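Trainee: missing the sequence, but the structure's below:
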């Protein structure tokens, strides 16, 4: 008998039929004797409907009232799911974020959880009820409704699992789990049975978006065993673990992430003086544009090229800012390239194994793919390449590192 | 400068455009310096949508979860209305029932208000904010969401007006106010500028459904001046007052109410023994059928006819019950007449003026309308007649009592 926190996203509860299917799944766990706390999102489409209503009134809706509005989405789902459970003869009790008391700060529309009072939930579990909690929402110190921002239901689930000291936090979604790379790009992408939190963070932030990155950080910090699995199938999915799999012998690559919608900006002929990188990048960051990869090369003539990448739809705005910077610094010119992408190899095994980078570069060279930028971290190597080579590069790397072959598995045991 | 509680129903906030119009109306009051507390219903159609979702899952949805579900409807409206006010530059602050703290008993889906904490509302009014409260909902002692049942938003408004000691409670609706009778039946039905609570109760319960009867009782009990008016026009509507208008000289009739969907049941030849009326009516009431008018006539042969009316769609069920009663009491027979209606004259002036009943019966006789049953109360005389005469009877009475003529007015001054 275990205490399991389960989270079902918007697609999993997107209709009454889906909600009934979720109730069946929960019933199965109850029959095995597990205590179940369920976190649900708004029915898919509902949040967009509510946002559209608000936008009809104002472009920038009052954040406090936006939270009052959006939090109704999950509240509808908790009620319907409890009804579906009651219909099946299983006791169920719903809680809004405020009713649990999920205490957050007062940063409306992007609040952070400060504390969870688990006493009411425990009381309901003791009465053999399934507890159904509205994800994505909480209350601040004075009782204002807050929301955690889009996807915040994952965070709610992980935070509840931590507060309840649950045996596992299961995130049900419309994919089977975490793959070595996007199966739409590589046909034999393999489902990972385990992955470490660090690898998951790199994969998530690099584009393999299965889980909200905040919830993964949270789970890692509070050591909550986290499992990603499909709400439509009965597979065990992917378990996100704290430690690297000690049974492995081979250099370990967890997967390949990629990011399509990137653009590259280069300021050439920048004077080589201290603080110059800040003078170039600073104004871009201050304009609210997220800067990704940054590289700087000092040329033989004592001048500099500074290159970085941004999201493609920020690129024109960034170019304009850089044009002013270029003029004031008396740099040569600003070059914008919107036809690039980023491909990254991720794996904790990199730490202890040399030769991974070399193998990566060779695999790309064998396909005549030119590397424009290279950056590395402890568990990740990223390259920026021409966009048209994205699929080719991902497939070449997937194959070079045998990620599709179950025999040389990273994590399937 | 006054403190006004305003309630806008589902039609008045049925779309973003309507919500914007309500915001304009509120802005006008703010510009005059009034403090405004607004109570809103769910956008029209929303409650039905939510009920339909629940009914897809179960015929008799769990009451606790039904309240969690339905209370989201008003929560959406409060957020949108606050946004519309903020857009116009007016400070606004929304409250759910639980946030105000409108404390109710725990009778889910039909809870009653026990207490209202007005401190948070006062604090917002002091900050010059319009306070927008979700109608129809509250919380019980342990924080469960409760609802007051359909139309409960009127009750919320009146209860808030009482708790805040407001100068007036204004119920905005899609009619201009209370009329002497249904304008669809009598073309020159006159809008009443005032009416007493007692008259309003009789008119409401008899079919002129403008306000929830509970909210009128509540307003009368707590001496809250209540005004019914249109959210789409700028008329002063009808003020519901505590006292009879002392300026009036003439016998005063407030209006004419009627009920179409009635049926009449008669059990003939009932033995004339004590307790017999209970033996006939008791089983009908126990079956959950509401019994309206009851009359009993003792015939010369020492036997009885007992006649009463019920809602037409309960009549067949009632007839079957009476058939059994008839057999066991050895009464003669059960007669069902589904082609009847009830017409009632209402007015506090009846108390002190004789001749009203006679005038009423004459007016009906002049039109050759046969009266089947007569019942009277302090401020009301009702007759049951053949259904086909309904419009004719209402028009004849309206004319006989000069209700359509502003010169002999009951209440317009």
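Mentor: Yep, that arrived. Everything numeric here is computed off the predicted structure, so don't read it as measured data.

Trainee: low-scoring stretches of chain A, by residue?
Mentor: Filtered on pLDDT under 70, chain A yields the residue ranges A:150-151, A:205-209, A:244-251, A:299-300, A:302, A:405-413.

Trainee: Quick check: next helix or strand after the helix of greatest length in it?
Mentor: In chain A, assigned by DSSP state H, the helix with the most residues is helix A:63-87. Downstream of helix A:63-87, the first helix or strand assigned by DSSP states H and E is strand A:92-95.

Trainee: Neighbouring strands - and their directions - for that following strand?
Mentor: strand A:130-134 (parallel) (DSSP bridges).

Trainee: can you give me the helices in the stretch 201-350 of chain A?
Mentor: A:213-221, A:276-286, A:315-329 (DSSP state H, counting those that start in this stretch).

Trainee: which one of the ones you listed lies closest to chain B?
Mentor: Closest to chain B of the helices of the stretch 201-350 of chain A, according to Cβ to the nearest Cβ: helix A:213-221, at 24.7 Å. Placement of C-beta: from N, CA and C, glycine included.

Trainee: Any buried residues in that closest one, and which?
Mentor: A:213-220 (16 or more other Cβ atoms under 10 Å in any protein chain shown).

Trainee: next one: stretch A:281-297
Mentor: Applying 16+ other Cβ under 10 Å to stretch A:281-297 flags A:281, A:283-284, A:289, A:292-293, A:295-296 as buried.

Trainee: Please tell me how far whatever residue of the stretch 251-400 of chain A ends up closest to chain B sits from residue A:311.
Mentor: The stretch 251-400 of chain A approaches chain B most closely through residue A:288 (23.3 Å), counting by Cβ to the nearest Cβ. Remark: distance between residue A:288 and residue A:311 (Cβ to Cβ, to the nearest Å) = 11 Å.

Trainee: Please name the spatially closest residue to residue A:321 (chain neighbours excluded).
Mentor: Leaving aside its sequence neighbours, residue A:321 sits nearest to residue A:283 (Cβ to Cβ, 6 or more residues apart in numbering or on different chains; 5.1 Å).

Trainee: Does the one you found touch residue A:328 like I think?
Mentor: No. Using Cβ atoms under 8 Å, residue A:283 is not in contact with residue A:328; the gap is 9.8 Å.

Trainee: coming back round to it: using a markdown table, please lay out the helices of the stretch 201-350 of chain A together with distance to residue B:4.
Mentor: Formatted as a markdown table, these follow (distance: least, Cβ to Cβ, whole Å):
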| stretch | distance to residue B:4 |
| --- | --- |
| helix A:213-221 | 45 |
| helix A:276-286 | 47 |
| helix A:315-329 | 48 |
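
Trainee: And stretch A:30-47, what's buried?
Mentor: By neighbour count with 16+ other Cβ under 10 Å, stretch A:30-47 contains the buried residues A:30, A:34-44, A:46-47.

Trainee: go on, stretch A:109-129?
Mentor: Buried, per 16+ other Cβ under 10 Å, within stretch A:109-129: A:109, A:111-113, A:116, A:118, A:120-121, A:124-125, A:129.

Trainee: List just the nearest of these to chain B.
Mentor: residue A:120 (8.4 Å).

Trainee: The closest one: helix or strand, and which one exactly?
Mentor: helix A:119-126.

Trainee: and that helix, what does it pack onto?
Mentor: strand A:35-40, strand A:92-95, helix A:97-100, strand A:130-134, helix A:152-164 (3 or more Cβ pairs under 8 Å, 6 or more residues apart in numbering or on different chains; DSSP states H and E).

Trainee: Pipe the ones you listed into JSON lines and attach distance to residue B:177 per row.
Mentor: Formatted as JSON lines, the helices and strands packed on helix A:119-126 follow (distance: least, Cβ to Cβ, whole Å):
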{"stretch": "strand A:35-40", "distance to residue B:177": "45"}
{"stretch": "strand A:92-95", "distance to residue B:177": "41"}
{"stretch": "helix A:97-100", "distance to residue B:177": "39"}
{"stretch": "strand A:130-134", "distance to residue B:177": "41"}
{"stretch": "helix A:152-164", "distance to residue B:177": "47"}
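
Trainee: Who is residue A:263 paired with across the strands?
Mentor: Assigned bridge partners for residue A:263, using DSSP bridges, are residue A:310.

Trainee: Isn't it up against residue A:342?
Mentor: No. Applying Cβ under 8 Å, one finds residue A:263 not in contact with residue A:342, separated by 10.7 Å.

Trainee: any shared contact partners between these two?
Mentor: Counting by Cβ atoms under 8 Å, 6 or more residues apart in numbering or on different chains, the residues touching both residue A:263 and residue A:342 are residue A:309.

Trainee: got the residues of the stretch 51-200 of chain A near chain B?
Mentor: Residues of the stretch 51-200 of chain A lying close to chain B by Cβ under 8 Å from any Cβ of the partner chain are A:53-54, A:56-58, A:61-62, A:64-66, A:68-69, A:71-72, A:75-76, A:78-80, A:82-84, A:86-87, A:92-94, A:96, A:98-99, A:143-145.

Trainee: what about residue A:359, is that helix, strand or coil?
Mentor: helix (DSSP: H, G, I helix; E, B strand; the rest coil).

Trainee: contacting residues for it?
Mentor: The contact partners of residue A:359, by Cβ under 8 Å, 6+ apart, come to A:400-401.

Trainee: in the sheet, who's paired with the residue nearest to residue A:333 when sequence neighbours are not counted?
Mentor: Nearest residue to residue A:333, sequence neighbours excluded (Cβ to Cβ, 6+ apart): residue A:268, at 5.5 Å. Note on residue A:268: beta-bridge partners by DSSP bridges are residue A:305, residue A:333.

Trainee: who's in contact with residue A:268?
Mentor: A:303, A:305, A:331-335.

Trainee: what do you get for residue A:315?
Mentor: A:263, A:265, A:336, A:338.

Trainee: Equivalent analysis for residue A:19, please.
Mentor: Counting by Cβ under 8 Å, 6+ apart, residue A:19 has contacts A:13, A:43, A:77, A:80-81, A:84, B:57.

Trainee: quick one: which of these is nearest to residue A:377?
Mentor: residue A:13 (36.8 Å; Cβ to Cβ).

Trainee: and that closest one, backbone torsions?
Mentor: Recorded main-chain torsions at residue A:13 are phi -120, psi 30, according to degrees, to the nearest 10.

Trainee: How about residue A:384?
Mentor: Torsion angles, degrees, to the nearest 10, at residue A:384: phi -100, psi 130.

Trainee: Would you mind confirming that it makes contact with residue A:263?
Mentor: No. Using Cβ under 8 Å, residue A:384 is not in contact with residue A:263; the gap is 10.3 Å.
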